[in-house]
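J.: Just need the structure, nothing else, for what follows:
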Amino acid sequence: MAFLTFLADTIWNPWLLALFLFAGLWYSVRTGFFQLFDLPVWLRCTAGRLLRARQSERRGGLSQFQALSTALASTIGTGSIAGVATAIFLGGPGAVFWMWISALLGMMTGCAEKILAVRYRERAPDGGYQGGPMLYMSRGLGKRWMGCWFALCCVGASLLGGNLVQANSISTALEAALGWDRLAVGLAAAAGCALVTAGGVGQIGRFSEALVPLMALLFFGGSAAALFCNRAAIPAALWSIVSG
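T.: Numbering: from 1, shown residues only. Prediction:
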């Protein structure tokens, strides 16, 4: 555990975090802070298109709404709830301020990633499209080894970083709230994931399309209810965030 802590600190602190913020700031300045001043453009091209006719699945691909739901499935929960709570516990209210800054700048980092993914995407063997960092590293930079290394790291991150944190959050919360056995909850979550992923990307998209809107509704509804019930403490909380 001490070695893993040392390795994580060596990789993340402080140079990689600073690099993320600098990259987001560079993209923001170069685009004239597109995420703020061109809000109508990206809302029209994202949420606006979802409200119109959805694209149907073609040759094993995902519709726009399914792709969005699949992306949000890994964002709502672990990052927005467990991650934020952990950051506040360890860093105090001031951590929220830096999360705001990183989210603002990270919008443009994410935007650049999506543009590159579309720019360098290619046809998959089944007729659909495939893209992502591993492809634009290979095709855009001409460094196939870099794309292969990134894909290999994603395997480790998916097995150890995402799944373990999510399963731990689910089991710990259910144990604290309902007294359920954590091992049983973990096994049930693993079995459910296996059933969904066994059907391929199409089934994952359909499952996310049905479940994620409910997750989002519970997330925003619960957040609004918590803010309303504690509305008298909001000014002091905001001051704690800024002063911290």
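J.: State the distance from the nearest residue to E175 once chain neighbours are set aside to A198.
T.: With sequence-adjacent residues excluded and distances taken as CB to CB, 6 or more residues apart in numbering, E175 is closest to R182, at 5.1 Å. Placement of C-beta: from N, CA and C, glycine included. In this view, R182 and A198 are 25 Å apart by CB to CB, to the nearest Å.
J.: Neighbour count for the two, which is higher?
T.: Neighbour totals were compared for R182 and A198, and R182 leads with 16 against 9 (other CB atoms under 10 Å).
J.: okay but the more buried one is in contact with T172, surely?
T.: Yes: in this structure, R182 is within contact of T172 by CB atoms under 8 Å, at 6.8 Å.
J.: circling back: per-residue confidence for the residue nearest to E175?
T.: Here the pLDDT value assigned to R182 is 91.
J.: what's the answer for the one 3 residues further on, then?
T.: V185 is assigned a pLDDT of 91 by the prediction.
J.: Can you tell me the SS state at it?
T.: When the structure is split into helix, strand and coil by DSSP: H, G, I helix; E, B strand; the rest coil, V185 lands in helix.
J.: Tell me which stretches of the protein form strands.
T.: Assignment of strands within the chain using DSSP state E yields the ranges 122-123, 129-130.
J.: counting contacts, what elements does the last one pack onto?
T.: When contacts are defined as 3 or more CB pairs under 8 Å, 6 or more residues apart in numbering; DSSP states H and E, strand 129-130 sits against strand 122-123.
J.: re the thing from before, I'd like the distance between the residue nearest to E175 and A237.
T.: Here the criterion is CB to CB. By it, R182 lies 31 Å from A237.
J.: For the nearest residue to S243 once chain neighbours are set aside, the count of nearby residues, please.
T.: Once flanking residues are discounted, S243 sits nearest to G94: 7.6 Å by CB to CB, 6+ apart. Using other CB under 10 Å, G94 is surrounded by 15 other residues.
J.: cool, and L164?
T.: Here the neighbour count serves as a burial measure; for L164 (other CB under 10 Å) it reads 11.
J.: what do you get for F20?
T.: 15.
J.: Now do the helices in this protein.
T.: With DSSP state H as the definition, the chain shows helices at residue ranges 2-12, 15-30, 34-37, 39-45, 47-51, 64-73, 84-91, 94-119, 133-135, 144-156, 163-178, 182-197, 200-229, 234-243.
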